[in-house]
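Trainee: one predicted model, sequence on top.
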Amino acid sequence: MATSSTHVPSAAAASGLRGAIAELWQDKAAAVGLVIILLLILMAVFAPLIAPYDPAAQAITARLKPPVWMARGTWDHLLGTDNLGRDVLSRIIWGARATLTIGAVTCLLAATLGTLVGLWAGFAGGRTDTLLMRIVDIQVSFPGIFLILLVVAMLGPGIWTLVAVLSMTNWMVYARLIRGIVSSTRQTPYVEAAELIGCKPGRVIFRHILPNLVSPLLTLAILEFTNIVLAEAAVSFLGFGVQPPATSWGLDVASGRDYLFIAWWLVTFPGLTIVATVLSINLFANWLRVTADPEERERRFARAEAAKRRRRTRGANA
Amino acid sequence: MTTKLLAQAVGLATIFACTTVAPAWAQSITIAIGSEPSTLDPQLRDDGGERQVNDNIYETLMARTPTGELVPGLAAAVPTQVDATTWQFKLREGVKFHNGEPFNADAVVASVTRVIDPANNSEQMAYYGTIKGAEKVDDLTVNLVTNGPDPILPSRLYWMKMIAPGYSKDGDLAGAPVGTGPYKFESWNRGTDLTLVANSDYWRGEPEIDGVTYRFVTEPGTRLSGLLSGEFDVITNLLPEFTESVPKFAAVRSLETSVFVLGTDNEVTKDPKVRQALNLAIDRQSMVESLFMGYASVAKGSHINPAAVGFNEKLEPYPYDIEKAKALIKEAGAEGKPLVVVGESGRWLKDREQIEAVAGYWAETGLQVTTDIQEFSQYLESLMGDGPRPDSIFIANSNELLDADREMSFIYHKDGAAASNSDAEMAAMIEAARTETDAAKRKSIYDQIQQKGHELSYTVPLFNLQDIYGLSERMEWQPRVDAKMIVSEMKVAE
């Protein structure tokens, strides 16, 4: 997401940081979203300082203790303990590292690869297009779990193996989307004009076509982020990804599932954290999408002005 | 309107009438099992789902009481040994298959011949490897011949289901089984359910429950909510935590023992001191009390099932002594050395939790412990493949034959599929015991092997697990130690 906005010399960036903040403040939900994202990142970075316990420290005799506000809860474990007596809060704080790293890096890698392939296919057209899109088709029809098995057998399980595998199984959707947009954008007069006056393909692609892709890319990347978090959980639970004593939110949800009837806090808190993360990114990205798109910005500005005027007239009438 | 009301009243009255006379009426129960049978052919696969159904349709020459004692089943008496490799079975008279075929020596010969036929490539050959063939003596007498002396042949025959000779040639064994058991096959809607009905001609008398429907439910949570809503009468593999929320439950010592097999030739674990430290570092009693809520017991110093013939009852469980474990690791100069813990997830009761907890205990000894939870097929390769042996690998080992030879051959014998040692002397002892026909001598060899394995810490035995079943309010059933779900032993109270 961050990379896409640096490609776009949008008005927000041009008018400086202060302008951007002011503009963001107009959209309260997006501002809150950004704050939560920043807090989560800080939490992941400073996990050793914040977490009250070692996330792997187990106390078998103190397992499945409920959160502090429930009957058997204690202040020792704010959000209770899990099935091996580990502190749920500490595990959420440490789990942020794996989840955010895998989610963000995978989205970034998959989006970059997919976008490059899509741009190339859509821009070049003809035989190149056919060839690249067939590669995409083959990759889509290849069973993901099989690929995961193959790669894990070669590289061994771990966070970076997981990032590599999930990127490899998720880039195709970007390529298809981008290729579609590029081939239609190529026909627009301003792109044809740019080519006519002798712009090099690189300039045409990155100056004239890419900005049109920012908003669909953002939307897609956010949807995919959720998918990645869930995929990571499933894959880690089977033993392909994050290995104990390290943990991730998804893995905690997956391991706590069996205890849902008697210890809801094992699934609920990491689950809520995932929801909060995805929702915050969504709210912020929605604002970013509008900000990055000149036409949308125009519309938003017009709506804001109209609302202001309505308020003024109502005030005058009263 | 009036007629409708009247009809309803009559309907209600009928329902009341039915409930009051219910005990004399048809009773049918629903059992939720974890996996659908891959086939109903009783001789091909080693498949838990298939057994749970077929154990009620078919019978075997030898059977077990609910507490695990070996007794004659379709055999009229305990077999006699003619010579070292020949066992003679007298058969029960007057037993008929569901399709009317008589059960006799021909049926036994046909069953044995079919299951050991290499063309059928039966997965059950792991149990019958020693059997050479069967010979008919007269209509109700059969001789079973083994390749070498095989003292546990009767236990093996407790596993082999007897099929109807005529039906096995032209019938649909895989889809519509025909046996001699208390229940007859009725229907199988693949993916949904499977129904059996009582066999009114059963030789022991018609069973009490008239019909049973099996439902295939993989998710433990779904099974639990089905039981709570009254949809199921019996569910398998209930977690200990839920024993308080279900209407009724029944727990029984199971066939499974959880254990870590240590690689005695590996860099760190080749030192007996390190292996002993690994055994002393685990607080097994706390794990039993909290993780299993008492529904397991600490393994008594070896991974052999306590119910098995040949179990050494003189061994004591390894004590919990973390200080001594630390000292041993220091003495062995293994502080900070790497130890890999290999395991899987989701296959056995609380497997992942046992692995993570033990890895946690081991990390306290000063070793550098890494955990490697593997996908199941990859795990099987680590456990039984030809690759290098892992430092330590988890398994919940099941002993279906209830004979020590099973766990010994599998884990202690150096050529065993899951063995991680190269102790030729121990292997020779296991082979000697396998063919020893004198029960007392055989037992003493097994005692020695377990003593040695215990002293040298070839394995880290953890727990003798229990099977817990969730039952509906009306069910009355004491589960069996061999984990078979025999419906004719269940009762419905109403």
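Mentor: Ah, there it is. Bear in mind the structure is a predicted one, so any value in this text is a computation, not a measurement.
Trainee: enumerate the residues of the stretch 151-300 of chain A near chain B.
Mentor: A:152-153, A:157, A:237-240, A:243-245, A:255, A:257-263 (C-beta under 8 Å from any C-beta of the partner chain). All C-beta atoms are positioned from the backbone trio N, CA, C, and that covers glycine.
Trainee: what subset of the residues you listed is buried?
Mentor: Among these, those classed as buried by neighbour count (16 or more other C-beta atoms under 10 Å in any protein chain shown) are A:152, A:157, A:237-240, A:243-245, A:255, A:258-259, A:263.
Trainee: in helices, which of the residues of the stretch 151-300 of chain A next to chain B appear?
Mentor: A:152, A:153, A:237, A:238, A:255 (DSSP state H).
Trainee: nearest residue to the first one in space, please, no chain neighbours.
Mentor: By that I understand residue A:152. residue A:240 (5.0 Å; C-beta to C-beta, 6 or more residues apart in numbering or on different chains).
Trainee: right, and the one you found touches residue A:158 too?
Mentor: No: using C-beta atoms under 8 Å, residue A:240 is not in contact with residue A:158, being 9.3 Å away.
Trainee: pLDDT on stretch B:177-194, on average?
Mentor: The average pLDDT for stretch B:177-194 rounds to 95.
Trainee: stretch B:39-55 now?
Mentor: 92.
Trainee: with adjacent residues omitted, what lies nearest to residue B:422?
Mentor: Nearest non-adjacent residue to residue B:422, counting by C-beta to C-beta, 6+ apart: residue B:414, 5.1 Å away.
Trainee: for the one you found, what are phi and psi?
Mentor: Note on residue B:414: backbone dihedrals following degrees, to the nearest 10 are phi -60, psi -20.
Trainee: thought it was touching residue B:420?
Mentor: No: assessed by C-beta under 8 Å, residue B:414 is found out of contact with residue B:420, at 9.0 Å.
Trainee: of the two, which one has the most company?
Mentor: residue B:420 (24 against 16; other C-beta atoms under 10 Å in any protein chain shown).
Trainee: now the helices: where do they sit in the stretch 101-250 of chain B?
Mentor: If DSSP state H, counting those that start in this stretch is used as the criterion, the helices of the stretch 101-250 of chain B fall at B:105-116, B:125-128, B:153-157, B:165-170, B:220-228.
Trainee: who touches the helix or strand containing residue A:43?
Mentor: In the assignment (DSSP states H and E), residue A:43 maps to helix A:28-45. With contacts defined as C-beta atoms under 8 Å, 6 or more residues apart in numbering or on different chains, helix A:28-45 is touched by A:24-25, A:50, A:93, A:96-97, A:100-101, A:273, A:276-277, A:279-284, A:286-288.
Trainee: can you do 6 Å?
Mentor: A:24, A:25, A:93, A:96, A:97, A:100, A:277, A:280, A:283, A:284, A:287 (C-beta atoms under 6 Å, 6 or more residues apart in numbering or on different chains).
Trainee: quick one: list the elements packing against the helix or strand following it.
Mentor: Moving toward the C-terminus from helix A:28-45, the next helix or strand (DSSP H and E) is helix A:47-50. Contacts defined by 3 or more C-beta pairs under 6 Å, 6 or more residues apart in numbering or on different chains; DSSP states H and E place helix A:47-50 against helix A:88-124.
Trainee: residue ranges in chain B under the pLDDT threshold?
Mentor: B:1-26, B:494 (pLDDT under 70).
Trainee: domain map for it?
Mentor: B:3-42+B:49-56+B:181-247+B:472-492, B:62-169, B:254-466 (automatic domain parsing).
Trainee: deepest of the ones you listed, which one?
Mentor: domain B:254-466 (a mean of 20; mean count of other C-beta atoms under 10 Å in any protein chain shown).
Trainee: check the offset of that one from the chain's centre.
Mentor: 19 Å (C-alpha atoms, centre = their mean, to the nearest Å).
Trainee: do stretch B:147-164 as well
Mentor: For stretch B:147-164, the distance to the chain centre is 16 Å (C-alpha atoms, centre = their mean).
Trainee: any buried residues in the strand or helix carrying residue A:300, and which?
Mentor: Assigned by DSSP H and E, residue A:300 belongs to helix A:294-317. For helix A:294-317, a neighbour-count test (16+ other C-beta under 10 Å) marks A:297, A:300 as buried.
Trainee: I'd like the average pLDDT over that helix.
Mentor: 83.
Trainee: for that helix, packing partners?
Mentor: Counting by 3+ C-beta pairs under 6 Å, 6+ apart, helix A:294-317 packs on no helix or strand.
Trainee: so what touches it?
Mentor: By C-beta under 6 Å, 6+ apart, helix A:294-317 touches residue A:290.
Trainee: ok, now which ones touch residue B:256?
Mentor: So residue B:256 contacts B:396, B:398, B:465 (C-beta under 6 Å, 6+ apart).
Trainee: ditto for residue B:390
Mentor: B:263, B:342, B:382.
Trainee: in space, what's closest to whichever residue of the stretch 201-318 of chain A sits closest to chain B - neighbours in sequence excluded?
Mentor: In the stretch 201-318 of chain A, the residue that lies nearest chain B is residue A:239 (4.0 Å; C-beta to the nearest C-beta). Distances taken as C-beta to C-beta, 6+ apart put residue B:373 closest to residue A:239, at 4.0 Å, once the chain neighbours are dropped.
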